[in-house]
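Chemist: Structural data only, the sequence is not supplied:
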């Protein structure tokens, strides 16, 4: 992959961007935001500049925009109230199909949107934490307030949403078809909470059918200040059959710690074979854990 600077401007401050297979859309910073429409191939050419009041009024700004199925989803902030509007626009004419006002958002802080299956949308608000689930006709389905400080969101495949928690610098995952389901915090600063959330999810993996959810995961890292309990580690590792890179770092190894025996020892140490694994990194892990990985994982 090669990254090249292909578009610059001394007069315009672009702040958000989105694209289709044939068009690139960039929105500008500040009140009365504009939207620039480019064709990226074979060379970048400006097709149109949409200006206020077509984009938004003079005392509003575009907080975010996303392209989806010939439409643009716009998050529009207003400097006079504690709300934002989410609007669905035609990508060809910028005509508004519908608009919904989202209350108690504090529009001076990051508010981001993401399309979902069946033309539904998710909007996340950072300052007054909220996640809004919006139906394809612009009706509000639900408001989720359990997240701490969601500041961005993106879709991974058809079944998974990734939510970035800016304040705690964590990445949260949740299933799109279960909007109210518990998130998996994989790098939480609150170690006790993070471990409990992960434990709860993976302990119940056997009862859930994710339909190949983890088949797109190729790199897995496990970090903790004390060694993972062996069976807990296996529950996590068995969830990623296609991973190519595995890193396990216990940081504070307890050399004399022995794994807990179970009534069915063979079942406890069972690990699926990782035929795709090409790199394994182990740091400060207990000796018996090394033995089990060598014996059962390959």
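Modeler: Structure received. Values in this document were obtained by computation on a predicted structure and should not be read as measured data.

Chemist: drop to CA atoms for contacts and neighbour counts, all remaining ones
Modeler: Fine.

Chemist: Mind listing what's buried along stretch 134-141?
Modeler: Going by neighbour count (16 or more other C-alpha atoms under 10 Å), the buried part of stretch 134-141 is 134, 135, 136, 138, 140.

Chemist: Closest one of these to residue 119?
Modeler: Distances from residue 119 to these, taken as C-alpha to C-alpha, are shortest for residue 136 (5.0 Å).

Chemist: Is it correct that that closest one is in contact with residue 118?
Modeler: Yes - taking C-alpha atoms under 8 Å as the definition, residue 136 is a contact partner of residue 118 at 7.0 Å.

Chemist: Make CSV out of the buried residues of stretch 134-141 and add distance to residue 23 and pLDDT.
Modeler: Formatted as CSV, the buried residues of stretch 134-141 follow (distance: C-alpha to C-alpha, whole Å; pLDDT from 0 to 100):
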residue, distance to residue 23, pLDDT
134, 25, 93
135, 25, 92
136, 23, 92
138, 25, 94
140, 29, 93
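
Chemist: which pair in those residues spans the largest distance?
Modeler: The most widely separated members of the buried residues of stretch 134-141 are 136 and 140, with 9.4 Å between them, by C-alpha to C-alpha.

Chemist: Residue 56 versus the closest residue to residue 23 other than its chain neighbours, what's the distance?
Modeler: With sequence-adjacent residues excluded and distances taken as C-alpha to C-alpha, 6 or more residues apart in numbering, residue 23 is closest to residue 39, at 4.8 Å. Separation of residue 39 from residue 56 (C-alpha to C-alpha, to the nearest Å): 23 Å.

Chemist: which residues of the stretch 1-150 of the chain score low on pLDDT?
Modeler: 1-4, 106-109, 146-149 (pLDDT under 70).

Chemist: Could you tell me what pLDDT the model assigned to residue 198?
Modeler: Note on residue 198: pLDDT of 47.

Chemist: Keep only those of the buried residues of stretch 134-141 that are in helices.
Modeler: Of the positions in the buried residues of stretch 134-141, not one sits in helices, assigned by DSSP state H.

Chemist: domain parsing for this protein?
Modeler: Listed by automatic domain parsing, the domain ranges of the chain are 1-135, 146-209, 217-298.

Chemist: Verify the contact between the residue nearest to residue 23 and residue 21 for me.
Modeler: No - applying C-alpha under 8 Å as the test, residue 39 and residue 21 come out as separate, 9.5 Å apart.

Chemist: Neighbour count: those two, which is higher?
Modeler: residue 39 (18 against 9; other C-alpha atoms under 10 Å).

Chemist: how far away is the more buried one from residue 82?
Modeler: In terms of C-alpha to C-alpha, residue 39 sits 36 Å off from residue 82.

Chemist: again with residue 21
Modeler: Taking C-alpha to C-alpha, one finds residue 21 at 35 Å from residue 82.
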